[in-house]
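**Student:** With the sequence up front, the predicted model follows.
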Amino acid sequence: MRLVAESITITDNRTGNSIEIPIVGGGVDAAAWRKLLPGIWFHDPGMATTAVTSSAVAEINGETGILRYRGYPIEQLAEQSTFPEVAYLLIYGELPTQAELDEWTHEITRHTFIHENFRKRIYDAFHYDAHPMGLLTSGVAGLSTFYPEAKDIFDPDNRRAQIVRLIAKMPTLAAAAYRFSRGLPFIFPDNAHDYPTRFLKMMFEVGGEYEPDEALVRAMRVLFILHADHGQNCSTTATRVVGSSHADPYTAIAAGCAALYGPLHGGANEAVINMLTEIGSYEEVDSFIASVKRGAHRLMGFGHRVYKNYDPRAVIIKKAAHDVFAVIGKNPLLDIALKLEEVALADDYFVSRRLYPNVDFYSGLIYQSLGFPTNMFTVLFAIGRTPGWLAHWNEMIDQNSRIYRPRQVYVGSERRDYVPMADR
């Protein structure tokens, strides 16, 4: 019996012409569509059903709740790996050998500093209460002026140098943005420590007395890993769009930061904290759930554009939250969050709509408990996501990707003649 490959057939009812298109890897080639229907565009606002690229960086199965980096389950990486190792995996496709990891970690560690003139001239130009994410986005873009050689994106050695610099300097820029917004003196990176410890010390060091508990360092490591990549989301797509013009990586990553700055993308965990604060008490959860079902409020931190099952990252973060609270004391909002999750998951209204907790539901509680203000939540997201952005940018260069140029369906006026001002 001859096996028939999976395919679809498209028929142009105006002409009767048809074309068969193979289904490969869950997608169909748009070139066949263009061949049959030239000048007819697939109208897909938000690109919700459009694959803009093929990628080997991360696999997401929203139906079954699977997230894998280069084939490795996120659960295993969060439990056993380090953030620099995960960054190496995302960018180069394989887990490093010990020698490769040692060299990679050494490179990142020796590039953590930012030029003092750069820090002063960039950040001191802003108002004292500027949002840290605005500072970070500007700082990343500004680095391109300090490393003009970064424009040579087709030199593999040069590309690696910029990738290392971005991963190394992002926590330094982030901590500097926080301390500037608080009027605190800048703390230089202490390269005797690992990646998450170094960042926490740059954030919270006062008088040389800050030593983060191992549970807090572990939570920071896990959060960075869980945020490292998530496929073609808004900020990754923004990075690829800008990178497709052959802009340098600093400019492309700044575009990713800018996209993440928007509240619909990077601000979800802050919205969860605001929701829990608004609920106010354990006793008010039931009435809040009722108001959500009436349409008076939104249930933040539940549901996901991709996941129609429990977000696998949420399971890991929930455990990390309990580990953190065991050290520093329970966040008063935790009981509200736990009851909210319990009530929602027992209610068919939410279950039938496949609304399960996502990565943002508990991450904000951890960030808040670690001492981060809510306006730093998106900045922390950006640190974690930087290797993912870079992995996609690097992959795109290797693929010799065409410049992004999506089409539009024009719905404006037909041809009109210019009307002189006196006749309008």
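**Tutor:** Sure, I can see it. Residues are numbered from 1 along each chain as shown.

**Student:** Flag every buried residue along the host helix or strand of Gly142.
**Tutor:** In this structure, Gly142 sits in helix 132-146 according to DSSP states H and E. Buried residues in helix 132-146, counted by 16 or more other Cβ atoms under 10 Å: 132-144. (C-beta placed from N, C-alpha, C; glycine too.)

**Student:** I'd like the mean pLDDT over it, please.
**Tutor:** Averaged across helix 132-146, pLDDT comes to 93.

**Student:** Do I have it right that Gly71 meets Glu59?
**Tutor:** Yes - counting by Cβ atoms under 8 Å, Glu59 is a contact partner of Gly71 at 7.1 Å.

**Student:** what about these two, which has more around it?
**Tutor:** Using other Cβ atoms under 10 Å as the criterion, Gly71 and Glu59 rank with Glu59 on top: 15 against 11.

**Student:** which residues does the residue lying closest to that one once chain neighbours are set aside form a beta bridge with?
**Tutor:** Nearest-residue entry for Glu59: Arg68, 4.5 Å, with adjacent residues in sequence omitted and distances by Cβ to Cβ, 6 or more residues apart in numbering. For Arg68, the beta-bridge partners are Glu59, Pro73 (DSSP bridges).

**Student:** burial measure for Arg68, as a count.
**Tutor:** Around Arg68 there are 16 residues (other Cβ under 10 Å).

**Student:** Go ahead and confirm it touches Glu75.
**Tutor:** No - if you go by Cβ under 8 Å, Arg68 and Glu75 don't touch, sitting 9.5 Å apart.

**Student:** Can you tell me, leaving aside adjacent residues, what's nearest to Gly139?
**Tutor:** In space, Gly139 is closest to Leu173, 4.4 Å off (Cβ to Cβ, 6+ apart).

**Student:** ok, the one you found - how many residues close by?
**Tutor:** Counted with other Cβ under 10 Å, Leu173 comes out at 28.

**Student:** Report the contact partners of it.
**Tutor:** The contact partners of Leu173, taken as Cβ atoms under 8 Å, 6 or more residues apart in numbering, are Ile114, Leu135, Leu136, Gly139, Val140.

**Student:** quick one: which two of the buried residues of helix 132-146 are the most distant?
**Tutor:** Pro132 and Ser144 (20.0 Å; Cβ to Cβ).

**Student:** how distant is the lengthiest strand in the chain from the center of its chain?
**Tutor:** Looking across the chain with DSSP state E, the single longest strand is strand 18-24. Its chain's C-alpha centre lies 34 Å from the corresponding centre of strand 18-24 when counted by Cα atoms, centre = their mean, to the nearest Å.

**Student:** just checking, what packs against that strand?
**Tutor:** strand 7-11, helix 30-36 (3 or more Cβ pairs under 8 Å, 6 or more residues apart in numbering; DSSP states H and E).

**Student:** Lowest average pLDDT across those?
**Tutor:** Among the helices and strands packed on strand 18-24, helix 30-36 carries the lowest mean pLDDT (a mean of 84).

**Student:** packing partners for the lowest-mean-pLDDT helix or strand in the chain?
**Tutor:** Every helix and strand in the chain was compared by mean pLDDT, DSSP states H and E; the lowest is helix 116-123, with a mean of 75. When contacts are defined as 3+ Cβ pairs under 8 Å, 6+ apart, helix 116-123 sits against helix 132-146, helix 156-182.

**Student:** which residues sit against that helix?
**Tutor:** Leu135, Ser138, Gly139, Gly142, Leu143, Phe146, Ala176, Ala177, Phe180, Phe186.

**Student:** For the fifth one, which non-adjacent residue is closest in space?
**Tutor:** Using Cβ to Cβ, 6+ apart and skipping residues adjacent in sequence, the residue nearest Leu143 is Tyr250, 4.5 Å away.

**Student:** mind checking pLDDT for the one you found?
**Tutor:** Tyr250 is given a pLDDT of 98.

**Student:** isn't it right next to Ile163, touching?
**Tutor:** No - counting by Cβ under 8 Å, Tyr250 stays clear of Ile163, with 10.8 Å between them.

**Student:** residues of stretch 335-354 that come out buried?
**Tutor:** Buried, per 16+ other Cβ under 10 Å, within stretch 335-354: Ile336, Ala337, Leu338, Lys339, Leu340, Glu341, Ala344, Asp347, Phe350.

**Student:** so what's Met47 up against?
**Tutor:** Here Met47 is in contact with Thr237, Pro406 (Cβ under 8 Å, 6+ apart).

**Student:** The one 5 residues further on now?
**Tutor:** Contacts were defined as Cβ under 8 Å, 6+ apart; by that measure Val52 touches Gln232, Thr237, Arg240, Tyr404.

**Student:** In the stretch 51-200 of the chain, where is pLDDT below threshold?
**Tutor:** 120 (pLDDT under 70).

**Student:** And the helix holding Gly142, what does it pack against?
**Tutor:** Helix 132-146 packs on helix 116-123, helix 156-182, helix 249-261, helix 377-398, going by 3+ Cβ pairs under 8 Å, 6+ apart.

**Student:** what's the closest of those helices to Leu370?
**Tutor:** helix 377-398 (9.3 Å).

**Student:** Determine the set of other helices and strands touching that closest one.
**Tutor:** Against helix 377-398 (3+ Cβ pairs under 8 Å, 6+ apart) you get helix 83-92, helix 132-146, helix 156-182, helix 214-226, helix 234-243, helix 249-261, helix 268-279, helix 360-370.

**Student:** try it again with 7 Å
**Tutor:** helix 83-92, helix 132-146, helix 156-182, helix 214-226, helix 234-243, helix 249-261, helix 360-370 (3 or more Cβ pairs under 7 Å, 6 or more residues apart in numbering; DSSP states H and E).

**Student:** Figure out which of those helices is closest to Pro22.
**Tutor:** Taking the helices and strands packed on helix 377-398 one by one with Cβ to Cβ, helix 234-243 is closest: 25.1 Å.

**Student:** now that closest one: mean pLDDT?
**Tutor:** Rounded mean pLDDT across helix 234-243 is 96.
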